[in-house]
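Undergrad: Kindly generate the corresponding structure for this input.
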Amino acid sequence: MAKKSRTPTPPRKIQAPQRRAETRRKRTPEEKRTLYFAIAFAASGIAAIAIVLLVLSLFGGKSSSAKSFDDANLVGLQTGPAPWNAGVDHLPDRLKPLGVHALGAEGEVVHIHQHMDIYVDGKHIRVPTGVGIYDGQFLTELHTHDSSGIMHLESPKKATFTLGQFFGVWGVRLTDECIGGYCRPKTPWRLYIDGVEYKGDPSQLTLKKHQELAFVIGKAPKNVPSSYRFPAGV
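TA: Predicted structure coming up:
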């Protein structure tokens with residue numbers, strides 16, 4: 001008698017593992033406040049970094065000669081009353097502290113001009129010829145060619161310069177309190193830019209094209225100039 005074959009057992013169904021659902025615990029009000037402040041703090045930090053990077057991108061890459069300097073390092077400053085001479089006697093000694101240079105020719109990369117008027121008790125004081133020009137040997141980026149009051153800013157490279165640097169080249173003291181020998185509060189004085197009184201530190205004023213700068217020391221003149229008619233091409 002033939003042996004009866006055994007029917008194989010059908011394979012068992014294998015159930016895929018199920019992910020155990022976790023019950024999400026509700027945060028307490030204190031935890032919510034802590035999370036909120038943490039997110040706010042992180043966001044403020046990111047915003048601060050973005051602002052710093054923006055400022056650096058706008059100003060950090062620009063070549064600039066404008067700088068702060070200590071008047072004590074400037075040799076031969078005139079600290080008496082006007083009028084003041086061109087101040088060239090010690091000009092070579094003031095170049096490095098001021099961040100200006102001895103040039104063999106006028107620069108052309110930056111070539112702009114300003115005009116300056118100075119009044120002492122209503123009397124007009126001229127800016128002298130030859131400021132920033134040393135005995136025919138060199139000139140600086142900041143100089144004058146005549147006594148018209150026109151200031152020449154002519155640099156061979158892209159840079160910005162301040163009124164304080166011009167006065168440093170001129171060899172006349174200029175600070176937030178004093179111009180030459182006139183110091184507040186004993187002698188009141190003001191600076192006007194295009195006819196508008198300037199309230200900041202005049203030594204930090206950035207020089208720009210065709211500014212009309214007017215210093216009024218003591219008694220004011222009848223009219224403070226608000227503009228200047230520059231010659232053609234200047």
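Undergrad: Next one: F69, what pLDDT does it get?
TA: On the pLDDT scale, F69 is placed at 73.
Undergrad: Likewise for G136?
TA: Residue-level pLDDT assigned to G136 equals 88.
Undergrad: Burial check on K123, number of neighbours?
TA: Residues lying near K123 (other Cβ atoms under 10 Å) number 13. Quick note: C-beta positions are derived from backbone N, CA and C, even for glycine.
Undergrad: Please name the bridge partners of it.
TA: When bridges are called by DSSP bridges, K123 pairs up with V120.
Undergrad: same check, this time on H115
TA: Taking DSSP bridges as the rule, H115 bridges to I150, E212.
Undergrad: quick one: it and K209 touch, right?
TA: No: the criterion here is Cβ atoms under 8 Å, and H115 misses it with K209 at 11.0 Å.
Undergrad: Secondary structure element for E154, which one?
TA: Take DSSP states H and E as the rule and E154 turns out to sit in strand 150-155.
Undergrad: Give the other helices and strands that that strand contacts.
TA: Identification of packing neighbours for strand 150-155 by 3 or more Cβ pairs under 8 Å, 6 or more residues apart in numbering; DSSP states H and E yields strand 110-120, strand 142-143.
Undergrad: for the record, mean pLDDT for it?
TA: The average of the pLDDT scores along strand 150-155 is 98.
Undergrad: ok so, going back, can you tell which of the helices and strands packed on strand 150-155 is closest to G180?
TA: strand 110-120 (9.2 Å; Cβ to Cβ).
Undergrad: That closest one: which residues count as buried?
TA: For strand 110-120, the neighbour count (16 or more other Cβ atoms under 10 Å) marks 110, 112-120 as buried.
Undergrad: Looking at those residues, spot the one nearest G195.
TA: Looking across those and measuring by Cβ to Cβ, the closest to G195 is D117, at 11.1 Å.
Undergrad: Please report how far that closest one lies from F138.
TA: Using Cβ to Cβ, to the nearest Å, D117 is found at 28 Å from F138.
Undergrad: do the same with G181
TA: Distance from G181 to F138, counting by Cβ to Cβ: 29 Å.
Undergrad: Beyond the helix or strand bottoming out on mean pLDDT in the chain, next helix or strand please.
TA: Lowest on mean pLDDT, DSSP states H and E among the helices and strands of the chain sits helix 29-55, with a mean of 52. Going down the chain from helix 29-55, the next helix or strand is helix 91-98, by DSSP H and E.
Undergrad: Which positions within that next one qualify as buried?
TA: Residues of helix 91-98 classed as buried by neighbour count (16+ other Cβ under 10 Å): 91, 94-95, 97-98.
Undergrad: Repeat that for stretch 175-190.
TA: Buried positions in stretch 175-190, judged by neighbour count with 16+ other Cβ under 10 Å: 178-180, 182, 187, 189-190.
Undergrad: for stretch 210-222, same thing?
TA: 211-217, 220.
Undergrad: again with stretch 154-171
TA: Per 16+ other Cβ under 10 Å, stretch 154-171 contains these buried residues: 154-156, 159-171.
Undergrad: Tell me where the model's unsure across this protein.
TA: Applying pLDDT under 70 to the chain picks out residues 1-68.
Undergrad: now, the most widely separated pair of the buried residues of stretch 175-190?
TA: The most widely separated members of those are G180 and R190, with 14.5 Å between them, by Cβ to Cβ.
Undergrad: hmm, back to that, can you name the two of the buried residues of helix 91-98 that sit furthest apart?
TA: Of all pairs in the buried residues of helix 91-98, the most separated under Cβ to Cβ is L91 and P97 at 11.6 Å.
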